[in-house]
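Novice: pasting the sequence and the predicted model now:
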Amino acid sequence: MAAAASATLLKSSSVIDKCEWVKGQSLRQASAAFVRCHPTSPSALTVRASSYADELVKTAKTIASPGRGILAMDESNATCGKRLASIGLENTEANRQAYRTLLVSAPGLGEYISGAILFEETLYQSTTDGKKMVDVLVEQNIVPGIKVDKGLVPLPGSNNESWCQGLDGLSSRTASYYQQGARFAKWRTVVSIPNGPSALAVKEAAWGLARYAAISQDSGLVPIVEPEILLDGDHGIDRTFEVAQKVWAEVFFYLAENNVMFEGILLKPSMVTPGAESKDKATPQQVADYTLKLLHRRIPPAVPGIMFLSGGQSEVEATLNLNAMNQSPNPWHVSFSYARALQNTCLKTWGGRPENVKAAQDTLLFRAKANSLAQLGKYTGEGESEEAKKGMFVKGYVY
Ligand code: 13P
């Protein structure tokens, strides 16, 4: 009965039924299958075999496809309110819907964008012309994703650091998001260099990401693993490298301990750069050298895609850095999952005016194409505006 009811729900979107990355997949039980090895041995291991394994691999590969990356449009209502306020608009559901409709319906967006991360409101929302946002994305050949974390709160016992909430009740939410058409998930936690980072904060961040990743895979969602090492601070690039090595070592330790299947995850790291308030500035070549060195030391080649966040870099800077990382072949697909570095000039061009929708969509397509070229290592920096060169770092930024 329960399986039949879920099957009906899954079929609620004929667009999703037809999409490439779902073909050949049938409805599975929500719970994972467990295989006990050496049952008589006192040190018996429990090996988890997710019933969604093939689908997870397929989804991850689709998102990590050549010349494409992720549009992060999952700002919480509070953050979206800040964006709308910057162009003089009120933070109403109608204004958020109008803006997100503009983004998802930019013609031909799927040529450059393989996945879009949505906030829960958007996952269940329709466009201003009454189509499901999710269906518009699928028609554009873009995989819908969902932000599942519940944001950051102070971490007691630490050095004024934070931890990420959202594990309670997560498995029922991820099951519903799958039924609604999401095929991947995002959980963003942060690590602050000026505040430590303390061993406690790093461990908590890594453990939370690993629990979330296991739960998401169990519901058929590819988890994006995002421990953002904040740009805040006046430290040099070597210090960022040192902290990033520690953080990724712990993240992979706990991912393995939670039996997460590495072929069915995506990573969303920060690039290795000097702190935003450092006197040193790094060239794209230096950022690429440090970041690739970090990835080679810490990330197994089984992971299909590395989708960077922009973290306050300017649009052009984020694209140049990505391009520098793709000048020779990498073991993983090295790409983007930008929010600010894809949306900033688009939002300003729109300004909340219906007559500017086309120009704003053109701006989004221009940025998406620039990053698509950077994913292929072919970006030249031609035709960039002054606006796109402006940094977006905000001290103590909360997403
Ligand atoms: P930025 O690219 O603006 O840093 O956003 C990152 C993010 O996590 C959005 O999903």
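Specialist: Done, it's in. A quick note: this is a predicted structure, and the numbers were derived from the prediction, not measured.
Novice: for the residue in the stretch 101-250 of the chain that the ligand sits nearest to, list each beta-bridge partner.
Specialist: In the stretch 101-250 of the chain, no residue comes nearer to the ligand than Arg188, which is 4.7 Å away by CB to the nearest ligand atom. Placement of C-beta: from N, CA and C, glycine included. On the basis of DSSP bridges, Arg188 is bridged to Glu226.
Novice: list the contacts for it?
Specialist: Neighbour list for Arg188: Lys147, Asp149, Cys164, Glu226, Glu228, Lys268, Tyr399 [criterion: CB atoms under 8 Å, 6 or more residues apart in numbering].
Novice: nearest to Val138, of the residues you listed?
Specialist: Lys147 (18.5 Å; CB to CB).
Novice: which ones are touching that closest one?
Specialist: Asp74, Ser76, Ile117, Leu118, Phe119, Glu120, Ala185, Lys186, Trp187, Arg188.
Novice: how far away is the fifth one from Glu75?
Specialist: Distance, Phe119 to Glu75, using CB to CB, to the nearest Å: 6 Å.
Novice: tell me which of these two has more neighbours.
Specialist: The residue with more neighbours, out of Phe119 and Glu75, is Glu75; 24 against 19, by other CB atoms under 10 Å.
Novice: spit out the contact partners of Thr189.
Specialist: Taking CB under 8 Å, 6+ apart, one finds Asp149, Leu152, Ser162, Trp163, Cys164, Ala205, Gly208, Leu209, Glu226, Pro227, Glu228 in contact with Thr189.
Novice: repeat the analysis, applying 6 Å as the threshold.
Specialist: Cys164, Ala205, Gly208, Pro227 (CB atoms under 6 Å, 6 or more residues apart in numbering).
Novice: can you put these in a markdown table and add distance to His333 and pLDDT?
Specialist: Listed next are the contacts of Thr189 as a markdown table, based on distance: CB to CB, whole Å; pLDDT from 0 to 100:
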| residue | distance to His333 | pLDDT |
| --- | --- | --- |
| Cys164 | 25 | 98 |
| Ala205 | 24 | 98 |
| Gly208 | 25 | 98 |
| Pro227 | 19 | 97 |
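Novice: how about JSON lines for those residues, with secondary structure, neighbour count and distance to Pro354 added?
Specialist: Formatted as JSON lines, the contacts of Thr189 follow (DSSP: H, G, I helix; E, B strand; the rest coil; neighbours: other CB atoms under 10 Å; distance: CB to CB, whole Å):
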{"residue": "Cys164", "secondary structure": "strand", "neighbour count": "22", "distance to Pro354": "37"}
{"residue": "Ala205", "secondary structure": "helix", "neighbour count": "27", "distance to Pro354": "42"}
{"residue": "Gly208", "secondary structure": "helix", "neighbour count": "21", "distance to Pro354": "42"}
{"residue": "Pro227", "secondary structure": "strand", "neighbour count": "24", "distance to Pro354": "40"}
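Novice: dump these into CSV; add distance to the ligand as well.
Specialist: Listed next are the contacts of Thr189 as CSV, based on distance: CB to the nearest ligand atom, whole Å:
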residue, distance to the ligand
Cys164, 12
Ala205, 14
Gly208, 15
Pro227, 11
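Novice: residues of this protein that sit close to the ligand?
Specialist: 72, 74, 117, 186, 188, 226, 309-311, 338-341, 399 (CB under 6 Å from any ligand atom).
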